[in-house]
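Trainee: Need a 3D model of the sequence below.
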Amino acid sequence: MSSVAPRLAKTRKPRGRRGLDKSQILDSALDLLATEGEAGFSIRKLGASIGVDPMTVLHHFESKEQLLRLIADRSLSSVELPPSSKDWQSDLRKVADAYRALAHRHPRLFHLHFRFHATGPVDHASSEVVYRAMRATGLPNDVAAGLGLSFFAFVLGFALAETEGLLLPVNELEEAELRALPSRDFPATRALIPAFRSLKPDVAFDVSVSVFIDGIAARSRSFSANKKVAARRT
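Mentor: The predicted structure is shown next:
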């Protein structure tokens with residue numbers, strides 16, 4: 001019997017397909033995240049799906065967090081964002097519609113837009129449209145900046161709540177729970193039950209965006225009027 005130990009086969013790490021670039025890896029990462037959600041997403045799983053070593057992915061993107069940031073920005077390219085125009089109210093509405101469309105298209109990764117101040121170039125471009133709109137109101141820069149961020153918080157929050165089911169009509173069990181509330185303590189809630197039962201998300205979104213924009217317009221008119229009064233007094 002030979003005493004020579006059998007040679008062990010060397011395990012080679014996948015080197016990846018020739019010509020696979022950063023942009024292609026990013027597209028594959030977006031597809032994987034959109035399918036699996038963040039809980040099922042990993043650098044290792046991404047590498048296996050495209051035939052590259054996980055370290056190759058990290059070489060291109062530095063970290064998983066940076067990759068997630070760029071995936072979010074890439075997803076934003078899938079919806080139509082408006083250019084700035086002379087109609088700031090229309091611009092805000094179009095941006096709001098675009099982010100809601102994004103939530104509908106990529107519900108499993110939409111939450112990433114809450115994680116970063118900006119996801120990248122596409123996000124900066126959409127922010128520029130909003131900030132130009134806010135400055136076009138004539139409000140001071142500190143107010144315009146706060147309103148711009150509040151606008152995104154409102155739109156993203158509404159869209160995320162919708163993807164999570166908050167804006168759906170109440171079901172039978174939910175309605176029964178509402179009807180079981182004491183009418184003396186919950187008169188408004190009970191009065192709105194028929195509206196909750198027939199809730200239409202499109203209508204709720206349209207009205208909410210209109211109220212937000214109308215409020216900014218009213219604030220702008222008030223600021224302009226006060227500014228004129230102050231100018232006459234000096």
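Trainee: hey, let's count contacts and neighbours off CA atoms from now on
Mentor: OK.
Trainee: Let's test this: mean pLDDT of stretch 164-174, rounded?
Mentor: Average pLDDT, stretch 164-174: 95.
Trainee: Buried residues, that stretch. List them.
Mentor: By neighbour count on 16 or more other CA atoms under 10 Å, the buried set for stretch 164-174 is 167, 168, 169, 170.
Trainee: what residues does it touch?
Mentor: Residues outside stretch 164-174 that contact it (CA atoms under 8 Å, 6 or more residues apart in numbering) are 161, 162, 196, 197, 198, 199, 200, 201.
Trainee: quick one, what contacts the fifth one?
Mentor: Read it as residue 198. Each residue near residue 198 by CA under 8 Å, 6+ apart is listed here: residue 169.
Trainee: what's the answer for the third one, then?
Mentor: For residue 196, the set of contacting residues under the criterion of CA under 8 Å, 6+ apart consists of 169, 170.
Trainee: packing partners for the lengthiest helix in the chain?
Mentor: Longest helix of the chain, by residue count under DSSP state H: helix 201-233. If contacts are counted by 3 or more CA pairs under 8 Å, 6 or more residues apart in numbering; DSSP states H and E, helix 201-233 sits against helix 88-105, helix 141-163.
Trainee: Please work out which of those helices is packed deepest.
Mentor: When you average the neighbours per residue for each of those (mean count of other CA atoms under 10 Å), helix 88-105 leads with a mean of 20.
Trainee: could you dump that helix to CSV, C-alpha only?
Mentor: The C-alpha coordinates for helix 88-105 follow below in CSV (Å, rounded to 0.1, in the frame of the first residue of the first chain):
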residue,chain,number,x,y,z
TRP,A,88,-42.3,75.7,-9.0
GLN,A,89,-45.6,74.2,-7.9
SER,A,90,-45.7,71.9,-10.9
ASP,A,91,-42.1,70.9,-10.4
LEU,A,92,-42.8,69.8,-6.8
ARG,A,93,-45.8,67.8,-7.8
LYS,A,94,-43.8,66.0,-10.6
VAL,A,95,-41.0,65.2,-8.2
ALA,A,96,-43.5,63.8,-5.7
ASP,A,97,-45.1,61.7,-8.4
ALA,A,98,-41.7,60.4,-9.5
TYR,A,99,-40.8,59.2,-6.0
ARG,A,100,-44.1,57.6,-5.4
ALA,A,101,-43.7,55.8,-8.8
LEU,A,102,-40.3,54.6,-7.6
ALA,A,103,-41.8,53.2,-4.4
HIS,A,104,-44.3,51.2,-6.5
ARG,A,105,-41.6,50.0,-8.8
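Trainee: This completes my enquiry, with thanks.
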